[in-house]
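Asks: please find the sequence and the predicted model below.
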Amino acid sequence: MKLRALAPAAALLLAMPLSAQRPDTIVPAEHLVLRGIPALPAALREAVRRYTEFRSAAVVDWHPLRRELLISTRFGNTAQLHRVARPGGDRSQLTFFDEPVGAGSWSPDGRFLVLGRDAGGNEFTQLYRQEVPGGGVTLLTDGAAQNGGVRWSRTGDRIAYGSTRRNGADRDLYVMDPRDPATDHRVLEVQGGGWSVQDWSPDGGALLIREGRSVNQAQLWRLDLATGARTLLTPDAPGDTVARGGARWSPEGRAIYYTTDAGSEFLQLVRQELASGRVTVLTPAIPWDITEFALSPDGRTVALVANEAGRSRLSLLDTPSGRLRAVPGLPVGLVGGLEWRPQGGELAFTLSGARTAADAYSLVTATGALTRWTESETGGLDVAALPEPELVRWTSFDGLEISGFLYRPPARFAGPRPVLISIHGGPEGQSTPGFLGRANYFLMELGVAILLPNVRGSTGYGKTFVKRDNGMRREESVRDIGALLDWIGTRPELDADRVMVTGGSYGGYMTLAVATLYDDRIRGAVDVVGISNFVSFLANTERYRRDLRRVEYGDERDPAMRAYLESIAPLHRADRITRPLFVIQGGNDPRVPRSEAEQMVAAVERNGGPVWYLLARDEGHGFRKKANVDFQFYATVDFLRRHLLGAALP
């Protein structure tokens, strides 16, 4: 990435001292750099402790030989891989790194793991083989490029994955026997950063490949490993843009399953016969996106998740009959991470909700028996007291209906409540009614209502809705927040005079844009790894991402588009910001580089605006290490108390 334009500002920021390290204040971790943030009283740590000690557990893989789950959870500073030998059993830690490990898979013989981890949040993931037992770790990849998307062959003798090692921009495909890293070799050279391996053919002679061009467009290919011949499986008519994802081969090799929005507003599950090309829609009765599916080892059952206005519905499809049945008895929430046990018949998944952090579950499909494998700690919180969110809707400036989720504080807080608007990233993301984690403190202890909007451009509401913010319509999504501010004024339980906005990544851009367009209607803004100028962002984001982002935001090399992007840049409107701004950034962020934060901080300061800045030199696109996340939270609590509630910490 290129940071030459801001080198002096960066040097100045790094030279700033940490907040006063008195015994009665919180001492920041060594990799944190602060500017403008006041000393935080040590009593704050104790006041919020219950809200910082929750854990979560995510399904990673089944053991290939035993009824045993591999999960990712955190007991120290970072998440690591753990083994759970039985439901409710102890979580036995398998990996011990300073950096988080959230992805991995067992070798088919159960003798080692293939796992991925980066350094300092830079997302340049390297693949490793770790022996179990023994713990010996061997680097499998080049140590420099971004690598990932591992898929095992059906026979278990090889893995296929994607890597940017050739030039840093294009994601070529590689195959290796992880027992012998010397076997690593490139099987396909491509152009673009959106290529990935989806599956191996049953005979191991071919790969099923996805070429992603944007959230709205992707193609599927077959790669013959013996000849290198690549065959397009999903041709489109000229000018068509069709989304496809999650492709899997049928066990007998005659068909593939995938999701697509061809002929529909939503992603449907389909089966395509390879010989004839005939496509059969398997979920025509579900008017929502199929966000994830998993095909059982025998091919007779497909587990699938539908996104119903942000909530998950898990269903099972019997492939011989086409019969679809919902899974009863699941708590309302979010389902993901579907994994079939290799022996078949049992499905593992991760489930979370407003009153529970993520935990691992399994379902015996023949009997419907549901088993909870983990029960993650919640720091002593009474989770039954946490509120379920309300689905709310409002009309935007052009008549378009926008929706979101409103979390209301307990009834003991009288009168109209201040509001924190939290905008998701992506932009092709979606706010869902999940566990708020630390943010429950704002709700339960400060009496702040939390609103999660899904502005135009969000996924989950059809492909037309996703495209409504593309190109020169970018600011229309910001105006959706303007309409939300109007709507807040119509709700007697909410205080339109006390509103703050926050968001991360693209949500950070939205936060900065709202701060410039609606400065007089908010009390302040918290920008987390946000974009301050799309032109400089596109110049400095990592090369493998650049063209994919141009499809969404517009190509800055086109003079007209460049002029438009410059015209809407919050950076160029920094003089409009008079309310307090808190900017949070990871020093190794490959997506939204730190230059985006530092140029915005410098511009607001030049204009005399109040601004806090928090930089973590050992983090990337958002903080992942507990010590850093905790300090970010402490500072955010202080910022909200001062500027939203008007009551500084003692």
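Replies: Looks like it came in fine. Numbers count the residues shown, from 1 in each chain.
Asks: going by C-alpha atoms from here, please, whenever you check contacts or count neighbours.
Replies: Noted.
Asks: residue 460 against residue 307, yeah?
Replies: Yes. Assessed by Cα atoms under 8 Å, residue 460 is found in contact with residue 307 at 6.6 Å.
Asks: show me where the protein has its helices.
Replies: In the chain, the segments counted as helices under DSSP state H are 7-15, 42-48, 440-444, 463-466, 474-488, 506-517, 534-540, 543-553, 559-568, 594-606, 626-643.
Asks: pick the most deeply packed of the ones you listed.
Replies: Counting by mean count of other Cα atoms under 10 Å, helix 506-517 has the highest mean neighbour count of the helices of the chain, with a mean of 26.
Asks: can you give me the mean pLDDT across it?
Replies: For helix 506-517, mean pLDDT rounds to 97.
Asks: now for that helix, which elements pack on it?
Replies: Helices and strands touching helix 506-517, by 3 or more Cα pairs under 8 Å, 6 or more residues apart in numbering; DSSP states H and E, are strand 417-423, helix 474-488, strand 494-504, strand 524-528.
Asks: try it again at 6 Å.
Replies: If you count contacts as 3 or more Cα pairs under 6 Å, 6 or more residues apart in numbering; DSSP states H and E, helix 506-517 packs onto strand 524-528.
Asks: OK, contacts around residue 352?
Replies: Applying Cα atoms under 6 Å, 6 or more residues apart in numbering to residue 352 gives the contacts 333-334, 358.
Asks: what about those residues, which are in strands?
Replies: 334, 358 (DSSP state E).
Asks: top of the contacts of residue 352 by neighbour count?
Replies: Ranked by neighbour count (other Cα atoms under 10 Å), the contacts of residue 352 have residue 358 at the top, with 27 neighbours.
Asks: not counting sequence-adjacent ones, nearest residue to that residue?
Replies: Excluding the flanking residues, the one nearest residue 358 by Cα to Cα, 6 or more residues apart in numbering is residue 352, at 4.2 Å.
Asks: tell me the spacing between the one you found and residue 375.
Replies: Using Cα to Cα, to the nearest Å, residue 352 is found at 11 Å from residue 375.
Asks: who touches both of these two?
Replies: By Cα under 6 Å, 6+ apart, no residue touches both residue 352 and residue 375.
Asks: pretty sure residue 393 contacts residue 405?
Replies: No. At 8.7 Å, residue 393 and residue 405 do not qualify as touching, with contact defined as Cα atoms under 6 Å.
Asks: for stretch 61-75, buried residues please.
Replies: Under the neighbour-count criterion of 16 or more other Cα atoms under 10 Å, stretch 61-75 has 61-64, 68-74 buried.
Asks: what about it, how long is it end to end?
Replies: 19 Å.
Asks: stretch 373-385 now?
Replies: Distance between the boundary residues of stretch 373-385 (Cα to Cα) amounts to 23 Å.
Asks: in that stretch, what counts as buried?
Replies: For stretch 373-385, the buried set under the neighbour-count rule, 16+ other Cα under 10 Å, comprises 373-376, 378.
Asks: per-residue pLDDT, the residue lying closest to residue 618 once chain neighbours are set aside?
Replies: Leaving aside its sequence neighbours, residue 618 sits nearest to residue 120 (Cα to Cα, 6+ apart; 4.5 Å). Here the pLDDT value assigned to residue 120 is 91.
Asks: then the one 4 residues further on?
Replies: The model reports residue 124 with a pLDDT of 93.
Asks: then residue 426?
Replies: pLDDT, residue 426: 86.
Asks: any idea how many residues pack against it?
Replies: Applying other Cα under 10 Å, we find 14 residues neighbouring residue 426.
Asks: so who does it touch?
Replies: Contacts here follow Cα under 6 Å, 6+ apart; on that basis residue 426 touches residue 506.
Asks: now do it against residue 265, distance only.
Replies: From residue 426 to residue 265 the distance is 19 Å (Cα to Cα).
Asks: how about residue 150?
Replies: Taking Cα to Cα as the measure, residue 150 falls 30 Å from residue 265.
Asks: low-scoring stretches of the stretch 1-150 of the chain, by residue?
Replies: Scanning the stretch 1-150 of the chain for pLDDT under 70 picks out the ranges 1-23.
Asks: where exactly do the strands run in it?
Replies: Ranges of strands in the stretch 1-150 of the chain, per DSSP state E, counting those that start in this stretch, are 32-35, 57-62, 69-74, 79-84, 91-93, 103-106, 112-117, 126-131, 137-139, 147-152.
Asks: fine by me, we can end here.
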